[in-house]
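A.B. asks: from the sequence below, what's the structure:
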Amino acid sequence: MQEKFSALTDPEWEVIKEIIDNQRKIKHEKRVIINALLWLLTTGSQWRNMESKYPPWQTIYYHFRQWNIVYPKNGTDS
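C.D. replies: Numbers count the residues shown, from 1 in each chain. Sure, this is the predicted structure:
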C-alpha cells in the first residue's frame, strides 16, 4: 500500500469527470469526493478518520455507495 497520497492532477480529473454521473447536483465538488476516496484507499485509514479538509465521512461514504450501485463491479448488481 502506498503511504503518500497525491490528489488528482488536472489531466487525471479530465479523464474521470466524464465517467461520473452528473445527474444530481451536490454540495461538494466531485473532484474533492474522489480525492477523499483516493486518500482513504491510499492511506488505509478508516472512514471516521477522514481528514478535516474533506467533506464529512458520511458524505464520502454516501457517494461511494451510490457509485457502487450505479457502476457495479464486474457488471453485476451488488
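A.B. asks: and the residue nearest to the spatial centre of the chain, what is it in contact with?
C.D. replies: Note on the chain: the residue nearest the mean C-alpha position is Ile34, at 2.8 Å, using CA atoms, centre = their mean. Neighbour list for Ile34: Leu8, Trp13, Ile16, Ile20 [criterion: CB atoms under 8 Å, 6 or more residues apart in numbering]. C-betas here are computed from N, CA, C, even on glycine.
A.B. asks: ok, the third one - contacts?
C.D. replies: Residues touching Ile16, when contacts are defined by CB under 8 Å, 6+ apart, comprise Leu8, Ile34.
A.B. asks: with the first one instead?
C.D. replies: With contacts defined as CB under 8 Å, 6+ apart, Leu8 is in contact with Ile16, Arg31, Ile34, Asn35, Leu38.
A.B. asks: separation between it and Gln66?
C.D. replies: 19 Å (CB to CB, to the nearest Å).
A.B. asks: go on, the last one?
C.D. replies: Applying CB to CB, one obtains 10 Å for the distance of Ile20 from Gln66.
A.B. asks: so where's the protein shaky on pLDDT?
C.D. replies: The model of the chain has pLDDT under 70 over residues 1-3, 21-24, 70-78.
A.B. asks: may I have the helix or strand that contains Glu14 as PDB, with CA atoms only?
C.D. replies: Applying DSSP states H and E as the criterion places Glu14 in helix 10-17. What follows is helix 10-17, C-alpha atoms only, in PDB (Å, rounded to 0.1, in the frame of the first residue of the first chain):
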ATOM      1  CA  ASP A  10      -6.000  18.200 -13.800                       C
ATOM      2  CA  PRO A  11      -5.300  15.700 -16.700                       C
ATOM      3  CA  GLU A  12      -6.400  12.800 -14.500                       C
ATOM      4  CA  TRP A  13      -9.500  14.600 -13.400                       C
ATOM      5  CA  GLU A  14     -10.400  15.400 -17.100                       C
ATOM      6  CA  VAL A  15     -10.500  11.600 -17.800                       C
ATOM      7  CA  ILE A  16     -12.500  10.700 -14.700                       C
ATOM      8  CA  LYS A  17     -15.100  13.500 -14.600                       C
END
